[in-house]
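[1] quick one, what's the 3D model for this:
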Amino acid sequence: MTSETRQSQPTTRLVQGQADQPPSPAPSRPTVRRRRLTVDDYVEGVLARDRTILARAITLVESNAPAHQAMAQEVLKKLLPHTGQSIRVGITGVPGVGKSTFIDRLGVLLCQKGYHVAVLAVDPSSSVTGGSILGDKTRMEALSRCENAFIRPSPTGGTLGGVTRKSRETILVCEAAGFNVILVETVGVGQSEIAVRSMVDFFLLLMLTGAGDELQGIKKGTIELANAILFTKADGDNKPRAEAARAEYEMVVRYLPPLIEGWSPKVLTCSALTGEGVAEVWEVIETFRRQTTASGAFEAQRQVQRLDWMRALVEEHLYTLFFDHPAVRQILPDIEAAVMNDTLPPTTAAQMLLQKFEEAQESL
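    The predicted structure is shown next:
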């Protein structure tokens, strides 16, 4: 072997007994643990508009862990005096109607006007992980860059129609953080509209022209819930069709019973692409708030919503309490099998279950 060859060889020294051992792994980064927050930490952080603590507070109220639920209720009690000063707007429509694009354009407009905008975008849950897809962060690109905006995608978690069970609590947390416009976007699957309507002040239905009734079956049960109907994508060749649809629906809504005293549903058109008509939508929402506040209908509607919320929570708790009761669980499989095999009427089955539950309660 020449000197040149020897110089080209690696000069690593092998220590006896370690020649066959693998190289030492790179040192791992230390795990950084977030500080556990107290109830007062959450409250003070939310009121100070700390985005990090706001996000953690929403995660807390969305949690189903019993310990988290108890803490969340304490946080909400302390935040409650600081809530209620926003306008809550529900926005729905079939997939593809342009909800996220419209919200992006409207939200930027409101931020420019000095409003603080929170968007609660109900995101479809992954069938594999159960988490949300978080697509609205990318679809609302312009709004996500606004300092006055806060976008919170929330997984549906399999709840009816895509409305998260904790959406009402999330609205309160955002209001306490100083957001005076709350936009609640649904996935638009046709079942969530009643749930959304029960938690917002103004309900906006987005529709397409030329899509056909078979693609807009959502409107049959939703149009009666809407405070305004908005035909989107009213630009280019589609603009004349949108205007024609607007005129047609203006005649239709005249025959609908008023959803809230002193307000008749409005029908509008807009193009989120060009921005035309978006400002007019906000003018309608502001007019709605002024008129219904002056008449007392605005607060009356919120009072009814709060009572309905309380009753819904009681019903949910009783449902869980009933089916988790040991006496009910013991006889439930046989009764369910009998109902499915058509050997026991559902009415009789329900009576048997209720009787078993009542007897167990009386024996305590």
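[2] where does the prediction get shaky in this structure?
    Low-confidence regions of the chain, defined here as pLDDT under 70, cover residues 1-33, 123-138, 155-165, 187-192, 210-221.
[3] what segments of it are strands?
    Secondary structure of the chain, counting by DSSP state E: strands at 87-92, 117-123, 149-155, 181-185, 202-207, 228-231, 266-269.
[4] ok, the fourth one: who's next to it in the sheet?
    With DSSP bridges as the test, strand 181-185 is paired with strand 87-92 (parallel), strand 117-123 (parallel).
[5] before we move on, the earlier item: relative to residue 299, which of the strands of the chain is closest?
    Across the strands of the chain, the minimum distance to residue 299, taken as Cβ to Cβ, is reached by strand 87-92, at 12.8 Å. For glycine as for every other residue, the C-beta is placed from the backbone atoms N, C-alpha and C.
[6] how many residues are close by the nearest residue to residue 235 once chain neighbours are set aside?
    Counting by Cβ to Cβ, 6 or more residues apart in numbering, the nearest residue to residue 235 once its immediate chain neighbours are dropped is residue 271, at 3.9 Å. With neighbours defined by other Cβ atoms under 10 Å, the count for residue 271 comes to 22.
[7] cool, and residue 178?
    Around residue 178 there are 18 other residues, counting by other Cβ under 10 Å.
[8] same check, this time on the one 4 residues further on
    Residues within reach of residue 182, counting by other Cβ under 10 Å, total 25.
[9] who are the neighbours in contact with residue 52?
    Applying Cβ atoms under 8 Å, 6 or more residues apart in numbering to residue 52 gives the contacts residue 45.
[10] quick check, residue 86 in contact with residue 178.
    No - here residue 86 does not reach residue 178: they are 9.2 Å apart, not a contact under Cβ atoms under 8 Å.
[11] state the phi and psi torsions of the residue nearest to residue 276 when sequence neighbours are not counted.
    Using Cβ to Cβ, 6+ apart and skipping residues adjacent in sequence, the residue nearest residue 276 is residue 270, 6.4 Å away. Per-residue torsions, residue 270: phi -160, psi 170 (degrees, to the nearest 10).
[12] where's residue 270 relative to residue 152, distance?
    In this structure, residue 270 and residue 152 are 24 Å apart, going by Cβ to Cβ, to the nearest Å.
[13] so between these two, which is more surrounded?
    Per other Cβ under 10 Å, whichever of residue 270 and residue 152 has more neighbours is residue 270, with 25 against 21.
[14] what's the local residue count around residue 355?
    By the criterion of other Cβ under 10 Å, residue 355 has 10 neighbours.
[15] for it, give its distance to residue 67.
    Here the criterion is Cβ to Cβ. By it, residue 355 lies 35 Å from residue 67.
[16] residue 284 now?
    When distance is defined by Cβ to Cβ, residue 284 is 44 Å away from residue 67.
[17] who has more neighbours out of these two?
    Residue environment comparison for residue 284 versus residue 67 gives the larger neighbour count to residue 284, 18 against 8, counting by other Cβ under 10 Å.
[18] hmm, residue 267 is touching residue 254, no?
    No - at 10.2 Å, residue 267 and residue 254 do not qualify as touching, with contact defined as Cβ under 8 Å.
[19] how about the contacts made by the residue nearest to residue 276?
    Shown here is residue 270, whose contacts under the criterion Cβ under 8 Å, 6+ apart are 102, 230, 231, 232, 234, 276, 277, 278, 280, 281.
[20] neighbour-wise, which of those leads?
    Of all the contacts of residue 270, the highest neighbour tally under other Cβ under 10 Å goes to residue 230, namely 28 neighbours.
[21] show me the contacts for residue 233.
    Counted by Cβ under 8 Å, 6+ apart, residue 233 has contacts 98, 208, 209, 242, 271, 272, 273.
[22] any idea how far it lies from residue 349?
    Taking Cβ to Cβ as the measure, residue 233 and residue 349 are separated by 50 Å.
[23] and residue 118, what are its bridge partners?
    residue 150, residue 182.
[24] give the contact list for it.
    Listed by Cβ under 8 Å, 6+ apart, the contact partners of residue 118 are 149, 150, 151, 152, 174, 177, 179, 181, 182, 183.
[25] which residue is the nearest non-sequential neighbour of the fourth one?
    Read it as residue 152. The shortest distance from residue 152 to any residue other than its chain neighbours is 5.4 Å, reached at residue 120 (Cβ to Cβ, 6+ apart).
[26] list the beta-bridge partners for the residue positioned nearest the centre of the chain.
    Here the mean C-alpha position of the chain is nearest to the C-alpha of residue 122 (Cα atoms, centre = their mean), at a distance of 3.4 Å. Under the criterion DSSP bridges, residue 122 forms beta bridges with residue 154.
[27] relative to residue 90, how far out is it?
    Using Cβ to Cβ, one obtains 10 Å as the distance from residue 122 to residue 90.
[28] what sits in contact with each of these two?
    Between them, residue 122 and residue 90 have 184, 186 as joint contacts when contacts are counted by Cβ under 8 Å, 6+ apart.
[29] deepest in the core, which of the strands paired with strand 181-185 is it.
    Comparing the strands paired with strand 181-185 by mean neighbour count (mean count of other Cβ atoms under 10 Å), strand 117-123 comes out on top with a mean of 26.
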